[in-house]
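Undergrad: The following comprises the amino acid sequence and a computationally predicted model.
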Amino acid sequence: MEDVLKTAFPFVVYSVAILLAFQGVLMIVAYTVLGERKILGWIQGRVGPNRVGPWGVLQPFADLFKFILKEDIVPDKSTKVVYMMAPLVALTCALLPIVVYPFGPPIDVDLSFLPYGLGEGIKQIPLTIARLDVGVLYVLGITSVGVYGIALAGWSSNNKYSLMGGLRSSAQMISYELAMGASIIGVVMLAGSLDLHEIIWAQGHSTFKWFIIPQFVGFVVFLIAAFAETNRVPFDLPEAETELVAGFHTEYSALKFALFFMAEYVNMFTVSVMVVTLFLGGWYIPGLTHIFDYGSIPYAIVSHVGFLLKIFFFLFLYIWVRGTLPRFRFDQLMSFGWKFLLPVAIGNVIVTTIVVYFMNR
Amino acid sequence: MEPGLENYLALSGILFAIGAVGVVYKRNAIGMFMCIELMLNAVNLSFVAFSRYYADVTGQLFVFMVMAVAACEAAVGLGIIIAFFRNRISVDVDDASILKH
Amino acid sequence: MVTTVLFFLLAGVAIACAGLTVYYRNPLYSALSLIGVFISLAVLYLTLAAPFIAITQILVYAGAIMVLVVFVIMLLNLDEERPLNRLKHLYFIGGGLGAAMLAQAFFIFYAVLKTPKHVVDTESNAGSTMSIGTHMYTEYLLPVEIVGVMLLMAIIGAVMLVRKDTHASLEAAAEKETND
């Protein structure tokens, strides 16, 4: 009995942790959608959704019910299997990076009070699901697989606008992934690790505290590439409604459309987490150790709230930009990515290499 | 308990055989290209398995070299396929039998 | 135990997907099956304690090379390939080649099975990012440099291959330049 409990305990703990993390992220995402509609309304001088619940706070649930209850139309000449698979691929690839998010600092605990010696040897609770040696690459790799969802949706719908959207999206993702990867290299060199926790740790110990100061060029390039990677304005060419109806998801309705919609917003969240972790110190707040002890529960809570606030700022930035900027033309998008963003990112890598070399001598 | 080295090598061999058969069977250039990628991956698997069982990092490093070769192959190979398609409106390798522009 | 179950599961998926890659006549389905092979191999690398290689496999193969392939398939709008008619003898050559290679694979399996068991060093850090980086930029610097040059050559070659400028337009441009 004791052995069974001991074997089962980690599985139970991890299942609860995964459930909590995914549920939390999905709730934030649902309210990002509401926030977007509210803020856009505010920018454009109108009210935004205000009928479901006070100030419209129940709007996400109303939207969900609408998505579930609407008729699910499958185009007659579509490639059925691929058509069904595409939204699933998009959402799965959007959700997978959640497992490496650094939600907060580890908490020191004493679990010896648990029966059957279940808490033996556990000194710390890390506020993350998995700590990967290659966390940064993992996020980049999984998000790069996410492009299949969009490309296949465009191809399988058997609609010329969808196909154009899918083609644009694959070209755009490949182009901006290069700039994105190159802009991260500077941070990785300064931190000396690909582990997201090590990167946060290194920022706490560096002279400037946050890598946004020594890596400002990298930060700007990453932010621009992030807008392109998530297909948001001003880079929302794959779903440009004035040219392509709705782009790759023209033929999608009901729950399948909802999956694409969720995938887009989860991707926004992921990219915001990456910006915050790589350039703004993640959960690290300078000087907080003077108030609370590192490893205590209040320290973890304040750090976690700080982490979320930083993310909310970037989510707000996404919406702000959407309300402000016009869309690029496709050839402008391509030449901007290849002829400006990528050379700047590579130049940043070269300069950082030289500086790091002379600093470490 | 871990599966022995022989299992990984056998899997690698089977994948390589499937890839080789595919190169012979496929008629369009993209299909042949994909089967070549499959063969390269089979080799990668045996590299990584050897690296694990002899606790030596060399095998994994050569996986990188193979990946770089595959990336070059993708760039040049797809370039050739697109150039060929512009001339012949086909990617069938049988149509590539004429040494003429 | 978990590793063994995972191995046979992933090996089955990899072989099935590889078979489908060859079987499908529609290039897009072939490409999707091939992505299945790549992803199951990446998970196998994880069980072989090589996380860096596993992620690079996803990033390079599934995330870059196959996206390009799918892009080209969609761009050229390729349909199903025609069946072999002129080259019937290829069926026999391919079958013979496959049989020979399968025999070879099982011979290797048998030969390695007969050799004394090699104890796996589970404490080894051979797959960690640090050890790969250290070896790559010390012991194997020359191959890395050569690969870098090769990538540059591939970029230039690819650009030259697909540029649309014909001979005539290049000549016209040169003439215009001399006139200016």
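TA: The structure has been received and is ready for your questions.
Undergrad: what's the spacing between B:Y25 and chain C?
TA: Going from B:Y25 to chain C by CB to the nearest CB, to the nearest Å gives 5 Å. In this view, the C-beta of every residue, glycine as well, is placed from N, C-alpha and C.
Undergrad: Leaving out chain neighbours, which residue sits closest to that residue?
TA: Nearest non-adjacent residue to B:Y25, counting by CB to CB, 6 or more residues apart in numbering or on different chains: C:G94, 5.1 Å away.
Undergrad: who's in contact with B:V93?
TA: B:R27, B:N28, B:A29, B:M32 (CB atoms under 8 Å, 6 or more residues apart in numbering or on different chains).
Undergrad: In helices only, show me those residues.
TA: The members of these that map onto helices under DSSP state H are B:A29, B:M32.
Undergrad: is it possible to export the contacts of B:V93 to CSV including pLDDT, distance to chain C and neighbour count?
TA: Shown next, in CSV, are the contacts of B:V93 (pLDDT from 0 to 100; distance: CB to the nearest CB, whole Å; neighbours: other CB atoms under 10 Å in any protein chain shown):
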residue, pLDDT, distance to chain C, neighbour count
B:R27, 79, 5, 20
B:N28, 83, 5, 25
B:A29, 84, 10, 23
B:M32, 88, 11, 19
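Undergrad: Assign a three-state SS to the residue of chain A found nearest chain B, would you?
TA: In chain A, the residue that lies nearest chain B is A:I174 (11.2 Å; CB to the nearest CB). Classification of A:I174 using DSSP: H, G, I helix; E, B strand; the rest coil returns helix.
Undergrad: what's around residue 67, how many residues?
TA: Here I'm looking at chain A. Neighbours of A:F67 under the rule other CB atoms under 10 Å in any protein chain shown: 18.
Undergrad: think we crossed wires, I meant chain C
TA: Neighbour count for C:V67, taken as other CB under 10 Å: 25.
Undergrad: wouldn't it be in contact with A:A171 here?
TA: No: at 9.4 Å, C:V67 does not count as touching A:A171 under the criterion of CB atoms under 8 Å.
Undergrad: that older thread, what number of residues lie near the residue nearest to B:Y25?
TA: C:G94 - counted by other CB under 10 Å - has 19 other residues nearby.
Undergrad: Okay, buried residues for the lengthiest helix in chain B please.
TA: Of all the segments of type helix in chain B, defined by DSSP H, the longest one is helix B:58-88. For helix B:58-88, burial by neighbour count (16 or more other CB atoms under 10 Å in any protein chain shown) applies to B:59-65, B:67-68, B:70-85.
Undergrad: which residues touch B:V48?
TA: Neighbours of B:V48 in contact, by CB under 8 Å, 6+ apart: B:G59, B:Q60, B:V63, C:L44, C:Y45, C:L48, C:A50, C:I53.
Undergrad: I'd like the distance between it and chain A.
TA: According to CB to the nearest CB, B:V48 and chain A sit 15 Å apart.
Undergrad: Let me know the pLDDT of that residue.
TA: Confidence at B:V48, expressed as pLDDT, is 90.
Undergrad: Kindly report the same for A:A240.
TA: You'll see A:A240 listed with a pLDDT of 68.
Undergrad: Repeat that for the one 5 residues further on.
TA: In this prediction, A:V245 carries a pLDDT score of 73.
Undergrad: same question, B:M65
TA: On the pLDDT scale, B:M65 is placed at 89.
Undergrad: wait, what's in contact with it?
TA: C:P143, C:V147.
Undergrad: Could you find the closest non-adjacent residue to the residue of chain A closest to chain B?
TA: Counting by CB to CB, 6+ apart, C:V67 is the residue found nearest to A:I174 once chain neighbours are left out, at 5.9 Å.
Undergrad: shaky segments in chain B?
TA: Applying pLDDT under 70 to chain B flags residues B:1, B:98-101.
Undergrad: sorry, that was for chain A
TA: By pLDDT under 70, the weakly predicted segments of chain A are A:1, A:112, A:116-121, A:240-241.
Undergrad: most centrally placed residue in it?
TA: Centroid-nearest residue in chain A: A:T270, 0.9 Å away (criterion: CA atoms, centre = their mean).
Undergrad: for it, what are its contacts?
TA: By CB under 8 Å, 6+ apart, the neighbours of A:T270 are A:A94, A:P97, A:I98, A:V139, A:T143.
Undergrad: for the chain, what's the longest helix?
TA: Just so you know, I chose chain A. Identified as the longest helix of chain A according to DSSP H is helix A:2-43.
Undergrad: Can you look at chain C instead?
TA: The longest helix of chain C (DSSP H) is helix C:89-114.
Undergrad: which parts of that helix are buried?
TA: By neighbour count on 16+ other CB under 10 Å, the buried set for helix C:89-114 is C:G94, C:L97, C:G98, C:M101, C:L102, C:A105, C:I108, C:F109, C:V112.
Undergrad: between whichever helix or strand comes after that helix and helix B:58-88, how big is the angle?
TA: Sequence-wise, the next helix or strand downstream of helix C:89-114 (DSSP states H and E) is helix C:129-136. Between helix C:129-136 and helix B:58-88, the angle comes out at 80 degrees (axes from the mean of the first three to the mean of the last three CA atoms, to 10 degrees).
Undergrad: residues in contact with helix C:129-136?
TA: With CB under 8 Å, 6+ apart as the test, helix C:129-136 has contacts from A:D133, A:V134, A:S193, A:L194, B:V57, B:T58, B:Q60, B:L61, B:F64, C:F52, C:N125, C:V144.
Undergrad: how about the third one, secondary structure?
TA: Counting by three-state DSSP, the backbone at A:S193 sits in coil.
Undergrad: And for it, nearest residue in space, chain neighbours not counted?
TA: Per CB to CB, 6+ apart, closest to A:S193 is A:I199, 6.2 Å.
Undergrad: Okay, and that neighbour sits in which element?
TA: Element membership for A:I199 (DSSP H and E) is helix A:196-205.
Undergrad: which helices and strands does the helix or strand following that helix pack with?
TA: Helices and strands here follow DSSP H and E; after helix A:196-205, the next one along the chain is helix A:216-229. In terms of contacts (3 or more CB pairs under 8 Å, 6 or more residues apart in numbering or on different chains; DSSP states H and E), helix A:216-229 is packed against helix A:160-191, helix A:254-279, helix A:342-359.
Undergrad: again, only this time at 6 Å
TA: Judged by 3 or more CB pairs under 6 Å, 6 or more residues apart in numbering or on different chains; DSSP states H and E, the packing partners of helix A:216-229 are helix A:160-191, helix A:342-359.
Undergrad: Compute the inter-axis angle for the first one and helix C:129-136.
TA: Which is helix A:160-191. Interaxial angle of helix A:160-191 relative to helix C:129-136 (the same axes, to 10 degrees): 80 degrees.
Undergrad: If you count contacts, what does helix A:160-191 end up packed against?
TA: Applying 3+ CB pairs under 6 Å, 6+ apart, we find helix A:160-191 packed against helix A:147-156, helix A:216-229, helix A:241-244, helix A:342-359, helix C:66-76.
Undergrad: Give me the buried positions along it.
TA: Those buried within helix A:160-191 under the rule 16+ other CB under 10 Å are A:161-188, A:190-191.
Undergrad: try the last one
TA: Residues of helix A:342-359 classed as buried: A:L342, A:V344, A:A345, A:I346, A:N348, A:V349, A:T352 (neighbour count, 16+ other CB under 10 Å).
Undergrad: which residues make contact with that helix from outside it?
TA: The contact list for helix A:342-359, computed with CB atoms under 6 Å, 6 or more residues apart in numbering or on different chains, reads A:L178, A:A179, A:A182, A:S183, A:I185, A:G186, A:M189, A:V217, A:G218, A:V221.
Undergrad: That's all I had, so thanks and see you.
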